[in-house]
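Visitor: Below: sequence and its predicted model.
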Amino acid sequence: MSTADGVSGADEVGGADGTDRPDGDNRTDAYDQPDGDGRTDAYDGPDGHDGPDRHDRLHGYRTSDEAREVRLFWEGLGLPGLVDVHTHFMPERVLKKVWEYFDALGPLTGGVEWPITYRAEERERVGLLREFGVRAFTAMLYPHKPGMAEWLNQWAVEFAGRTPDCLHTATLFPEPGVAAYVQKAVDEGARVFKAHVQVGAYDPADELLDPAWGLLAEAGLPVVIHCGSGPSPGKHTGPDPIGRVLARHPRLRLVFAHMGMPEYEDFLGLAERFGEVRLDTTMAFTDFSEQFAPFPRRALPRLADLGDRILLGTDFPNIPYPYVHQLRVLEGLGLGDEWLRAVCHDNGARLFGL
């Protein structure tokens, strides 16, 4: 759940309230030293002892052992790779601000310690997804204030141009001119949009956004939207505000990020009601998220029934555990190989025409 904010083209602002939030906390934590902490956590070996340190995980260990494990997962399902609809790439200084926000346990993190597993330069992160066998991924970027979205969209054009396996991503914000720059992004080849109601602190049913939603519905472009109330609720999170958008634009291809966490069942209900709505798996079902937002097991049959509209998402690189963990917990749901094949590849491949 990339809950933190970024910086605009003209300034460097940290928090969603416009203030800088560097680590600056004098804590000795996962960001200040290699793991080596004696704790049993997501980075430890099966015997409970600390696994390879952070440097090793970013280099030889992770790019060999973990990549092999990820590949064995999708090869075992007979797939040509993975399609991950929820990965984060953005201007480097923006991403570093996001990481600083997580380091400082900013308010939107829900106060949960959140060690970034894949803290590395852009080129290395792209290379790692390729080693994992991710055929297509996204650049989920988002503004936290007016005047930022169009600049981010221009960066996304350049990133997609130099990264052919990235699905060209764009974003939006309720502000004058939003329909014009959304149309421009569509004309420039955007294939997916990202909206972040929690970080942006806006009502998705804001009248300023209405023409943009209509345009995106007409174009048939998916919009991955963080509108659930996890890990920390916002004024406009939850199913009701976005439900009003769908009532006006029932053909809008919304993809509810994080399965709508923690209002899982409400967002499943919206998917059951609106045939173009989808959900992504990002961070759902993981040991980390189950601690504060457990998925109700009574809803598993509904998840199985929506198997053609569930998409693999991971939140790479901003996750506090290895990438393969997301895959293993999906397998652990017990919904079968056909469901896994659809979620991990086929649904995304069909949606994006891969």
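Guide: Yep, that arrived.

Visitor: ok, the closest residue to residue 91 other than its chain neighbours - contacts?
Guide: Residue nearest to residue 91 in three dimensions, not counting chain neighbours: residue 155, with 5.3 Å by CB to CB, 6 or more residues apart in numbering. For the C-beta atoms, the positions are set from N, CA and C on the backbone; glycine is no exception. Contacts for residue 155 (CB atoms under 8 Å, 6 or more residues apart in numbering) come out as 90, 91, 141.

Visitor: Give me the secondary structure label for residue 155.
Guide: State at residue 155, reduced to three classes by DSSP: H, G, I helix; E, B strand; the rest coil: helix.

Visitor: I'd like the distance between it and residue 221.
Guide: Distance, residue 155 to residue 221, by CB to CB, to the nearest Å: 19 Å.

Visitor: any low-confidence regions in this protein?
Guide: Scanning the chain for pLDDT under 70 picks out 1-63.

Visitor: Please, where are all the strands along it?
Guide: 82-83, 134-138, 166-167, 169-171, 192-196, 223-226, 254-256, 278-280, 310-311 (DSSP state E).

Visitor: What lies in contact with the third one?
Guide: Contact partners of strand 166-167, identified using CB under 8 Å, 6+ apart, comprise 85, 89, 126, 136, 137, 138, 139, 159, 160, 191, 192, 352.

Visitor: For the third one, which non-adjacent residue is spatially closest?
Guide: Beyond its immediate neighbours in the sequence, the residue positioned closest to residue 126 (CB to CB, 6+ apart) is residue 163, lying 6.0 Å away.

Visitor: Was I right to think that neighbour contacts residue 129?
Guide: No - using CB atoms under 8 Å, residue 163 is not in contact with residue 129; the gap is 9.8 Å.

Visitor: Which one of the two is surrounded by more residues?
Guide: residue 129 (26 against 18; other CB atoms under 10 Å).

Visitor: Surely the more buried one touches residue 87?
Guide: Yes - with contact defined as CB under 8 Å, residue 129 counts as touching residue 87 (6.9 Å).

Visitor: Residues that sit against both of those two, list them.
Guide: 137, 316.

Visitor: Output the contacts of residue 155 in CSV; the columns should cover neighbour count and distance to residue 295.
Guide: Converted to CSV, the contacts of residue 155 look like this (neighbours: other CB atoms under 10 Å; distance: CB to CB, whole Å):
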residue, neighbour count, distance to residue 295
90, 25, 28
91, 19, 33
141, 26, 27
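
Visitor: need these in CSV with distance to residue 309, can you?
Guide: Shown next, in CSV, are the contacts of residue 155 (distance: CB to CB, whole Å):
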residue, distance to residue 309
90, 27
91, 32
141, 24
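
Visitor: Look up how far residue 142 lies from the residue nearest to residue 269 when sequence neighbours are not counted.
Guide: With sequence-adjacent residues excluded and distances taken as CB to CB, 6+ apart, residue 269 is closest to residue 239, at 7.5 Å. Noted for residue 239: a distance of 20 Å to residue 142, by CB to CB.

Visitor: Cool, thanks, signing off.
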